[in-house]
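K.L.:
got a sequence here, can you model it:
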Amino acid sequence: AGDQASIWQTVLYRVRNSADRSRWAIRVNQTSASDNEYIVSGQGLLGTVVVHSSGDTSSVPATSVDVFYISERGLGINDAGLLALSGSTTGRARTDTIWQIEPGVAATVIAEEGNPAFSRPGGFGEFQDIAAPTISNTGKIAFGESDGASSREEQVILWDPATGFSELIGEFDTLDNVPGRIIQNINGGEANAQRGSVFFFEEAGEDPVVAFGGDLDGTSTDDNFFAVRDKSTGLFNSVYRELDTIDGQTIISPIVPVGWVDAQGNTYGVPAGGFGALPAIFAFINDEAVITDGGLVGGSVAGETWQSQDVGFAVSPVVALDRSPSGGYIVGGTTSNTDTFEAEGSSGPTTVTKNQVIIYVAPDGTRTELVRIGDTVTVDVDGVSQERRIVTFAQGDAQFAAYVDDTHLYFLAGTEFLAGTIPDDLFARITLPGGCRADIDGDGELTIFDFLEFQNLFDAGDLAADFDGDGELTLFDFLAFQNEFDAGC
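P.N.:
Presented below is the predicted three-dimensional model:
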């Protein structure tokens, strides 16, 4: 990453992917200091630091970026690698600025708290709280904000690079298909960033469609919703609400049914529990329940079922949920498995239960276990190969913890303590069943760079180069890689 003396201390549980799944961006910490955060973006196995939060402007040459704090959810990336980022400028503690960043080229401020200059001409006043941006392939950025007005405090804003101005994209007093109810909160503003975000999905040759979550006024039992904008009318319609029935399951949530939409228009729901209650484990994709309390997992443990877990305030025990462009999907969550193992802890061995797993469901319905707590991963630490066991997946943020393309699962996890250090968080990938292993650099093509990357893995003793699966690195791995490369993807 350009600073070989630095180490990543914490990989925070936030990873975003581009619409075509070819790029990723992640927020990480170098140390525990709040002003030592980074944004790393990349493709496949390779990533580059593009922003450093200590006020360092060298990571974005010839710009005046002066970042003090990077918002945990304030990150988006498009197919061209452009980033949307929210954070604070040096000397200010609040999340007050949104940038569009072209890595290594330029950074443009598109919104700034308290500065009306970034609204449309004759616009809607000053921003007070801005957060959770997302960026489309046309470069448009949508984000949540609060202007402090008593009649409509929270809004969704759209910034257009063609004009350089932001504007309110619709009147959010009501939802078109829910008459008589007033929108009370939009889960994109900083105050509600833990409850949702603003999302785009792409339509070829057209402007992106905007979606967001929120809650209505009135009772506390049916007020939460997830809505998508009708571009022909500019109005928003609720896609689902609390107390709706999805595939025989009822959305019941005292906080908010966490929902999002991906670039292909697939809609996801992970109804959250709250207030320390035991939330029923439930998740759906496009109106199909894919995780239900007591439903069979279909992994490597016979009879294993999905199971509720008391994970605290506004958190769901679902750890992964995403659909690939080809129609397969990943689901991950807490299960009934009671097997345990002894992991290394800061104060000695600690017992860990192997009760969380991520499953891949192929387009034909075939279910394959990809990874579970207790699995061993091989990592390279300063040229030394180490084996570590996974002890946790990022919880309560399924839309930020893992994603899947047509060949790989990308996911965040934490491994056991080693030599008294802090838990070692990692960002990793696994080849899907039937995926293209020969595309080692993950760029979607088979080139000389895949040969070079295979050679690097082999020379480092990384078992990712064990293509014949015998647990050793030998000449036969070269032959197996050559055969898969020649066969194509």
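K.L.:
which ones are touching residue 41?
P.N.:
Counting by Cβ atoms under 8 Å, 6 or more residues apart in numbering, residue 41 touches 23-26, 47-48, 50, 77, 81, 83, 103. Every residue, glycine included, has its C-beta placed from N, CA and C.
K.L.:
so how far is the helix or strand where it lies off the chain centroid?
P.N.:
Taking DSSP states H and E as the criterion, residue 41 maps to strand 37-43. Using Cα atoms, centre = their mean, to the nearest Å, the mean C-alpha position of strand 37-43 is found 13 Å from that of the whole chain.
K.L.:
in its sheet, what does that strand sit against?
P.N.:
In the sheet, strand 37-43 lines up against strand 24-29 (antiparallel), strand 46-52 (antiparallel) (DSSP bridges).
K.L.:
just the buried ones from the contacts of residue 41?
P.N.:
The neighbour count (16 or more other Cβ atoms under 10 Å) marks 23-26, 47, 50, 77, 81, 83, 103 as buried among the contacts of residue 41.
K.L.:
how about the contacts made by the residue lying closest to residue 299 once chain neighbours are set aside?
P.N.:
Computed as Cβ to Cβ, 6 or more residues apart in numbering, the closest residue to residue 299 that is not its neighbour in sequence is residue 369, at 3.5 Å. Going by Cβ under 8 Å, 6+ apart, residue 369 touches 299-300, 357-359.
K.L.:
residues in a beta bridge with residue 369, which ones?
P.N.:
Taking DSSP bridges as the rule, residue 369 bridges to residue 359.
K.L.:
swap in residue 267?
P.N.:
Bridge pairing for residue 267 - DSSP bridges - gives residue 261.
K.L.:
count the residues that sit near it.
P.N.:
Residues lying near residue 267 (other Cβ atoms under 10 Å) number 20.
K.L.:
my guess is it contacts residue 227. True?
P.N.:
No. Checked against Cβ atoms under 8 Å, the pair residue 267 and residue 227 is beyond contact range at 10.7 Å.
K.L.:
between the two, what contacts are shared?
P.N.:
Listed as contacting both residue 267 and residue 227 by Cβ under 8 Å, 6+ apart are 211, 239.
K.L.:
for the most centrally placed residue in the chain, which non-adjacent residue is spatially closest?
P.N.:
The C-alpha lying nearest the average C-alpha coordinate of the chain belongs to residue 400 (Cα atoms, centre = their mean; 2.1 Å). Spatially, and ignoring its direct neighbours in sequence, residue 400 is nearest to residue 14 (4.8 Å; Cβ to Cβ, 6+ apart).
K.L.:
which SSE is that neighbour in?
P.N.:
Assigned by DSSP H and E, residue 14 falls in strand 10-17.
K.L.:
between the contacts of residue 41, which is closest to residue 343?
P.N.:
Among the contacts of residue 41, residue 26 lies closest to residue 343 (Cβ to Cβ), at 24.5 Å.
K.L.:
excluding its backbone neighbours, what's nearest that closest one?
P.N.:
residue 15 (4.6 Å).
K.L.:
now render the buried ones among the contacts of residue 41 as CSV, adding distance to residue 233.
P.N.:
Formatted as CSV, the buried ones among the contacts of residue 41 follow (distance: Cβ to Cβ, whole Å):
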residue, distance to residue 233
23, 33
24, 34
25, 33
26, 37
47, 41
50, 38
77, 30
81, 33
83, 31
103, 37
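K.L.:
JSON lines for those, including pLDDT?
P.N.:
Rendered in JSON lines, the data for the buried ones among the contacts of residue 41 read as follows (pLDDT from 0 to 100):
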{"residue": "23", "pLDDT": "91"}
{"residue": "24", "pLDDT": "93"}
{"residue": "25", "pLDDT": "91"}
{"residue": "26", "pLDDT": "88"}
{"residue": "47", "pLDDT": "83"}
{"residue": "50", "pLDDT": "82"}
{"residue": "77", "pLDDT": "92"}
{"residue": "81", "pLDDT": "93"}
{"residue": "83", "pLDDT": "92"}
{"residue": "103", "pLDDT": "84"}
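K.L.:
in terms of distance to residue 177, which of the residues you listed ranks first?
P.N.:
Closest approach to residue 177 among these (Cβ to Cβ): residue 77, at 31.8 Å.
K.L.:
grab the nearest non-local neighbour of the closest one.
P.N.:
residue 25 (4.2 Å).
K.L.:
quick one: contacts for that neighbour?
P.N.:
Neighbour list for residue 25: 15-17, 39-42, 50, 75-77, 83 [criterion: Cβ under 8 Å, 6+ apart].
K.L.:
closest to residue 218 out of the residues you listed?
P.N.:
Using Cβ to Cβ, residue 76 comes nearest to residue 218 of the contacts of residue 25, at 32.1 Å.
K.L.:
doesn't residue 141 make contact with the closest one?
P.N.:
Yes. Using Cβ under 8 Å, residue 76 is in contact with residue 141, at 7.3 Å.
K.L.:
helices along the protein, start to end?
P.N.:
For the chain, the helices defined by DSSP state H cover 398-401, 448-459, 475-487.
K.L.:
just name the most buried of those helices.
P.N.:
Burial of those is given as mean neighbour count (mean count of other Cβ atoms under 10 Å); helix 398-401 ranks first at a mean of 24.
K.L.:
run through the neighbouring helices and strands of it.
P.N.:
strand 10-17, strand 257-261, strand 267-271, strand 318-323 (3 or more Cβ pairs under 8 Å, 6 or more residues apart in numbering; DSSP states H and E).
K.L.:
nearest to residue 185, out of the strands paired with strand 37-43?
P.N.:
Closest approach to residue 185 among the strands paired with strand 37-43 is made by strand 24-29 (24.4 Å; Cβ to Cβ).
K.L.:
for the closest one, the distance to its chain's centre please.
P.N.:
From the chain centre to the centre of strand 24-29 is a distance of 10 Å (Cα atoms, centre = their mean).
K.L.:
now swap in stretch 464-483 and tell me
P.N.:
Relative to the chain's own centre, stretch 464-483 is displaced by 32 Å; criterion: Cα atoms, centre = their mean.
K.L.:
export it to CSV, keeping only CA atoms.
P.N.:
Extracted in CSV, the C-alpha atoms of stretch 464-483 (Å, rounded to 0.1, in the frame of the first residue of the first chain):
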residue,chain,number,x,y,z
ALA,A,464,-4.1,-21.1,-2.5
ALA,A,465,-1.6,-22.4,-5.1
ASP,A,466,-2.4,-26.0,-4.1
PHE,A,467,-4.4,-26.7,-7.3
ASP,A,468,-4.4,-30.5,-7.0
GLY,A,469,-5.7,-30.4,-3.4
ASP,A,470,-3.1,-32.7,-1.9
GLY,A,471,-2.1,-30.3,0.8
GLU,A,472,1.4,-29.8,-0.7
LEU,A,473,2.9,-27.4,-3.2
THR,A,474,4.5,-29.5,-6.0
LEU,A,475,5.0,-29.6,-9.8
PHE,A,476,1.6,-31.2,-10.1
ASP,A,477,0.0,-27.9,-8.9
PHE,A,478,1.7,-26.1,-11.8
LEU,A,479,0.3,-28.7,-14.2
ALA,A,480,-3.2,-28.5,-12.6
PHE,A,481,-3.2,-24.7,-12.9
GLN,A,482,-2.0,-24.9,-16.6
ASN,A,483,-4.8,-27.3,-17.4
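K.L.:
any weak-confidence spans in the stretch 201-350 of the chain?
P.N.:
Residues of the stretch 201-350 of the chain meeting the criterion pLDDT under 70: 202-206, 219-222, 252-258, 271-280, 309-316, 346.
K.L.:
mind jotting down where the strands sit in it?
P.N.:
Taking DSSP state E, counting those that start in this stretch as the test, the strands found in the stretch 201-350 of the chain are 209-216, 224-230, 235-241, 245-246, 249-250, 257-261, 267-271, 282-285, 288-292, 318-323, 329-334, 340-345, 348-353.
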